[in-house]
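Visitor: Predicted model and sequence below, questions to follow.
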Amino acid sequence: MRAAILPFSYPEISTLFPTIGTVHSVAPYGHGHINETYLITSTANDRSHRRYVLQKINQRIFKNVPALMENIHRVCAHLATKSTRAMQLIPTFTGQTYLQDPAGDWWRIYDFIEGAHTVEQVSNEAQAREAARAFGAFQSQLADLPGQRLHETIPHFHHTRRRFENLRAAIGADACGRAVSVPKEIAFALAREADTDVMLDLLARGEVSERITHNDTKISNVMLDDITGRGVAVIDLDTVMPGLALYDFGEMVRTAASSTSEDDPDPTRMHLRLPLFRALVSGYLETASRVLNATERAHLGFAGKMMTYENGIRFLTDYLQGDTYYRIKHPTHNLERCRAQFALVQSIEENAPEMARIITEEASPRVS
Ligand code: GN1
Ligand code: MG
């Protein structure tokens, strides 16, 4: 774990964010690949012990932090009208939701949601169902967000065609001379080019519509209640922006219906787990069905394949470009992530008929 290298002393944090009280400790927290995250413990002005999440926002990836924070502020304010345990931003001494340090880095603090936890890997169907219920609820609660369209915090984030073209360019440039060592992965990616347009074409034809989506719906972004195990809130709001419901569901399939971690070095351990897929469909339809149409329902399985494929080609692109985007722990980390994703894509392809049957069963009105 990286040491906490903060530009602020503890008393400075207390001064900058006065409502958090006296800071006692700040320690690296979580497993995110993008931002730097720290857990703060403090004693609030009413003497209660409190915890907060401090984050340095990665501005190499999120180029317009004020726009990103405007999105998050609007989304949190809206969710707070619908849930008592939603994410909450802590105001600075000037009443802003974030601040810039003298070096130009951007910082924010969220309240820590107590009595709940996250898991890195789904271990049972109940967890998968809860995660899907939580993300489905998130989408449907944001369906009536007032005001103008949210900013795109990362333009074309799930534009799979563009992701594919980026991969093709990375293969062509071959900046690190690595392409020769990954012919199988490159062939696997290129063979699925036609799939990259399917969801974009549905959108262009108006068969699915744009919504406010989370865009990073992995299981570790859902807080589960410590006692009941129920989903209480969705976290990691940086990529909340206009998108397709299918992106969100597909990313859940990738991360919550998979048999092993996204960077398992042994891809033979990676496959789709159908009972977990069924649990996701059932949980998602429970909370999101009022905003979904028949085309979206019919593509829930395909979406799982597409988001897994998209992540696989992003990892492969980063590997070819010399690991400039994702944080890596060893030199072939991105390649291993890519291989695990492609193993899952293959397993989803093999299970497509069974997945379609599950969707039909879960979508039909239940007989009680
Ligand atoms: C990144 O930082 P983290 O782990 O929340 C990435 C996601 C990928 C994910 C793969 C902004 O998310 O899109 O699916 O890694 N986020 C960004 O683990 O690129
Ligand atoms: Mg994220």
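Guide: Nice, thanks for sending it over. Numbers count the residues shown, from 1 in each chain. Ligands and ions are numbered 1, 2, ... in the order given.

Visitor: got the residues of this protein near ligand 2?
Guide: Proximity of the chain to ligand 2 (C-beta under 5 Å from the ion) is limited to residues 216, 236. The C-beta positions use only the backbone N, C-alpha and C, and glycine is treated the same way.

Visitor: the strands in the chain, which residues?
Guide: Using DSSP state E, the strands of the chain run over residues 22-28, 36-43, 49-57, 99-100, 106-111, 116-117, 211-213, 222-225, 231-234, 241-243.

Visitor: Out of those, flag the one nearest residue 322.
Guide: Distance to residue 322, taken as C-beta to C-beta, is lowest for strand 36-43 among these, at 21.6 Å.

Visitor: Could you list the low-pLDDT ranges of the protein?
Guide: Applying pLDDT under 70 to the chain flags residues 1-4, 365-368.

Visitor: and the longest helix along the chain with ligand 1, contact?
Guide: The single longest helix within the chain, with elements called by DSSP state H, is helix 300-320. Yes. With C-beta under 6 Å from any ligand atom as the criterion, ligand 1 is reached by helix 300-320 at residue 311.

Visitor: in this protein, which spans are helices?
Guide: Listed in chain order, the helices of the chain (DSSP H) span 10-16, 65-80, 125-141, 160-173, 183-190, 198-204, 245-256, 274-288, 294-298, 300-320, 333-350, 352-363.

Visitor: Need those helices in JSON lines (columns: distance to residue 103 and mean neighbour count).
Guide: Below are the helices of the chain laid out as JSON lines (distance: least, C-beta to C-beta, whole Å; neighbours: other C-beta atoms under 10 Å):
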{"stretch": "helix 10-16", "distance to residue 103": "14", "mean neighbour count": "16"}
{"stretch": "helix 65-80", "distance to residue 103": "14", "mean neighbour count": "19"}
{"stretch": "helix 125-141", "distance to residue 103": "34", "mean neighbour count": "24"}
{"stretch": "helix 160-173", "distance to residue 103": "30", "mean neighbour count": "17"}
{"stretch": "helix 183-190", "distance to residue 103": "38", "mean neighbour count": "16"}
{"stretch": "helix 198-204", "distance to residue 103": "39", "mean neighbour count": "16"}
{"stretch": "helix 245-256", "distance to residue 103": "33", "mean neighbour count": "28"}
{"stretch": "helix 274-288", "distance to residue 103": "42", "mean neighbour count": "22"}
{"stretch": "helix 294-298", "distance to residue 103": "44", "mean neighbour count": "16"}
{"stretch": "helix 300-320", "distance to residue 103": "26", "mean neighbour count": "26"}
{"stretch": "helix 333-350", "distance to residue 103": "28", "mean neighbour count": "23"}
{"stretch": "helix 352-363", "distance to residue 103": "48", "mean neighbour count": "15"}
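
Visitor: Any chance of those helices in JSON lines with distance to residue 326 as columns?
Guide: As requested, the helices of the chain are arranged in JSON lines below (distance: least, C-beta to C-beta, whole Å):
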{"stretch": "helix 10-16", "distance to residue 326": "28"}
{"stretch": "helix 65-80", "distance to residue 326": "19"}
{"stretch": "helix 125-141", "distance to residue 326": "22"}
{"stretch": "helix 160-173", "distance to residue 326": "14"}
{"stretch": "helix 183-190", "distance to residue 326": "16"}
{"stretch": "helix 198-204", "distance to residue 326": "23"}
{"stretch": "helix 245-256", "distance to residue 326": "15"}
{"stretch": "helix 274-288", "distance to residue 326": "25"}
{"stretch": "helix 294-298", "distance to residue 326": "29"}
{"stretch": "helix 300-320", "distance to residue 326": "5"}
{"stretch": "helix 333-350", "distance to residue 326": "6"}
{"stretch": "helix 352-363", "distance to residue 326": "28"}
